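Participant: Just to be clear, the model below is a prediction. Sequence and coordinates:
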Amino acid sequence: MRRRPSVTWSVLLWLLIPLSLVVLAFLAEAWVSARRATDRLYDQMLIASAISISEAVDRTYGDLVEDEIISLLRNTTQERIYYRIIGPSRSYLTGYEDFHPPGDEAALEPGVPRISDMTYRGQRLRAVSLRFFGSDARLPDWITVHVGLTRQERDAATLASVASSGLRLVLLLAGAGVLAFFAVRRGLRSLLQFRDQIDMRSASDLSPIRARLPSDLRSIGEALNTLLARLRQALEHEREFIDNASHQLRSPLTSLQLRAQLLQRDMPEGPLRNDVSALVEDTRASARLAEQLLVHSRTLASLDRQGVVRFDLAALVRQMAPELLAMAERQDCDLGFALPSDPAWIMGAELLCREIVLNLVDNAIRHGGRVIDVTVEQQGGKVVLTVSDDGPGIPVDERDKIFARFQRGAAAGPGGSGLGLAIVHQIVNRFDAKIELVSRPETDATTFRVIFQQ
């Protein structure tokens, strides 16, 4: 899926693209203005040069010295200079004989300079033509002066002016982008804090999120809180239904189990007694299923209501030992314990950790082998609960699904519900603990390791 740009970059793009177009428009306007100003300045210099030449021509009575004219022009500019002076009867006096600016010389108004652009000898020139009447008696006729300058200096001056304006505009654009970036990030800070509040929540915490959002983002927070309220209500209804169903099932199942046990006790040996024994086991499994359903539905609520406390896991397992041994004895399993003499402190809820131990041992009894070991030990600052058995193991393709609800392995025996490991996995995740499965079908061994933080 294509990744969408962030809000920050989207805002910056929508801001900087129009600003960039405005900057380009300003640069174009700056180019036109600079070109006009430069042309005006250099045209005045060009006209002044033409007037100076005309005065020199009039002063020397037409006896012009070329070096003198070039020296005069080079004092005003470093451009390449081309000129041509036409005397009475349009006779050539001096200069570049093939230098002919555009326009008819006869159409020139006396004393009014005419500016034109031309190309001469492969160079772009700016030319001026000026016509005046010789005041001396020896030169009593019209004289025309043509002067042309290359455009390097004026083009360089235009570029320098535009570059200066462009630099200021680019700096202004960059400054606007930086300010906009920090402004957007500051504006999104409350939304990022809102995100952090959501990230820090546990999956079971569906209470309203209290966040100070800007007015234009407040509707998002309200919509999310409304959704959380609906989810909370739906989960409460689901839990209530499962609680009620479990309570309704537990009493008749307990009564049925007692009646079956009484019937088993009073019945003589024979095929019928074996059937009654199977009925006792089935009712016990059904009662266990109802109990597991009740525990499963209450796990999330219990984690919210029960505070996380520090307690001794080894002491808890030691306290549960008689109950666990009775479970193993009913299935002819050899259950052993390896518990440390020192306390194994962990952070959690004691009632829910009891469910972890109970369900792991029950799973080993029902689906494992005949020998089961329960170990509590400290490893590297952590407490590890290990439940291992010598059962048939779990195939590799079933391990990813083993913690799903009502999921049972292909080699599982009768009597299981598929809820025990789902309850364990649910509680472990809520405690920020970790559960590991080590199973080797080829060696007939399965080990569950629950790693708790101290």
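Facilitator: In hand now; what should we look at? Numbers count the residues shown, from 1 in each chain.

Participant: can you list the domains in the protein?
Facilitator: Taking automatic domain parsing as the criterion, the chain consists of the domains 7-159, 204-305, 307-454.

Participant: Where does the closest residue to Phe181 other than its chain neighbours sit, in terms of helix or strand?
Facilitator: Here the nearest residue to Phe181 in space, its sequence neighbours aside, is Leu12; by CB to CB, 6 or more residues apart in numbering that works out to 6.1 Å. C-betas here are computed from N, CA, C, even on glycine. Following DSSP states H and E, one finds Leu12 within helix 7-59.

Participant: what about Ala245, how many residues close to it?
Facilitator: Ala245 has 14 neighbouring residues, counting by other CB atoms under 10 Å.

Participant: What strand or helix carries it?
Facilitator: helix 218-266.

Participant: Tell me the helices and strands packed up against that helix.
Facilitator: helix 152-199, helix 271-305 (3 or more CB pairs under 8 Å, 6 or more residues apart in numbering; DSSP states H and E).

Participant: average pLDDT for the shortest one?
Facilitator: Averaged over helix 271-305, pLDDT sits at 70.

Participant: got it, and the longest one?
Facilitator: Here helix 152-199 scores 85 as its mean pLDDT.

Participant: chain center to that helix, what's the gap?
Facilitator: Centroid displacement of helix 152-199 relative to its chain, using CA atoms, centre = their mean, to the nearest Å, is 22 Å.

Participant: Run through the neighbouring helices and strands of it.
Facilitator: Other elements packing on helix 152-199 under the criterion 3+ CB pairs under 8 Å, 6+ apart are helix 7-59, helix 218-266.

Participant: Which of those sits closest to Ile427?
Facilitator: Judged by CB to CB, the one of the helices and strands packed on helix 152-199 that comes nearest to Ile427 is helix 218-266, at 15.7 Å.

Participant: Okay, angle between that closest one and helix 152-199 too, please.
Facilitator: Following axes from the mean of the first three to the mean of the last three CA atoms, to 10 degrees, one obtains 30 degrees for the angle between helix 218-266 and helix 152-199.

Participant: Rounded mean pLDDT for helix 218-266, please.
Facilitator: Across helix 218-266, the per-residue pLDDT values average to 79.

Participant: again, but for stretch 420-440
Facilitator: In this model, stretch 420-440 carries a mean pLDDT of 82.

Participant: What residues sit buried inside it?
Facilitator: Within stretch 420-440, the residues that count as buried by 16 or more other CB atoms under 10 Å are 420-431, 433, 435, 439.

Participant: Equivalent analysis for stretch 309-326, please.
Facilitator: If you call a residue buried by 16+ other CB under 10 Å, then stretch 309-326 has these buried ones: Phe311, Asp312, Leu313, Ala314, Leu316, Val317, Met320, Leu324.

Participant: Put the alpha carbons of it into CSV.
Facilitator: Taking Å, rounded to 0.1, in the frame of the first residue of the first chain, the C-alpha atoms of stretch 309-326 are listed here in CSV:
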residue,chain,number,x,y,z
VAL,A,309,1.4,-6.3,43.7
ARG,A,310,4.7,-8.0,44.6
PHE,A,311,4.4,-11.5,45.8
ASP,A,312,6.3,-14.8,46.1
LEU,A,313,5.6,-17.1,43.1
ALA,A,314,7.4,-20.0,44.8
ALA,A,315,5.2,-19.7,47.9
LEU,A,316,2.1,-19.6,45.6
VAL,A,317,3.1,-22.8,43.8
ARG,A,318,3.9,-24.4,47.2
GLN,A,319,0.5,-23.5,48.4
MET,A,320,-1.2,-25.0,45.3
ALA,A,321,0.8,-28.2,45.5
PRO,A,322,-1.9,-30.3,47.3
GLU,A,323,-4.5,-29.3,44.7
LEU,A,324,-2.2,-30.0,41.8
LEU,A,325,-1.1,-33.3,43.2
ALA,A,326,-4.7,-34.4,43.5
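
Participant: Quick check on Pro110: phi, psi?
Facilitator: phi -60, psi 130 (degrees, to the nearest 10).

Participant: What is the burial count for Ala37?
Facilitator: Tallying neighbours of Ala37 according to other CB under 10 Å, which is how burial is gauged here, yields 13.

Participant: could you measure it against Trp142, distance?
Facilitator: Noted for Ala37: a distance of 34 Å to Trp142, by CB to CB, to the nearest Å.

Participant: Ok, Val424 next?
Facilitator: In terms of CB to CB, Val424 sits 115 Å off from Trp142.

Participant: What of Ile17?
Facilitator: Separation of Ile17 from Trp142 (CB to CB) stands at 60 Å.

Participant: With neighbour numbers in mind, choose between these two.
Facilitator: Trp142 (18 against 10).

Participant: mind checking the longest strand of this structure?
Facilitator: For the chain, the strand that runs over the most residues, judged by DSSP state E, is strand 123-133.
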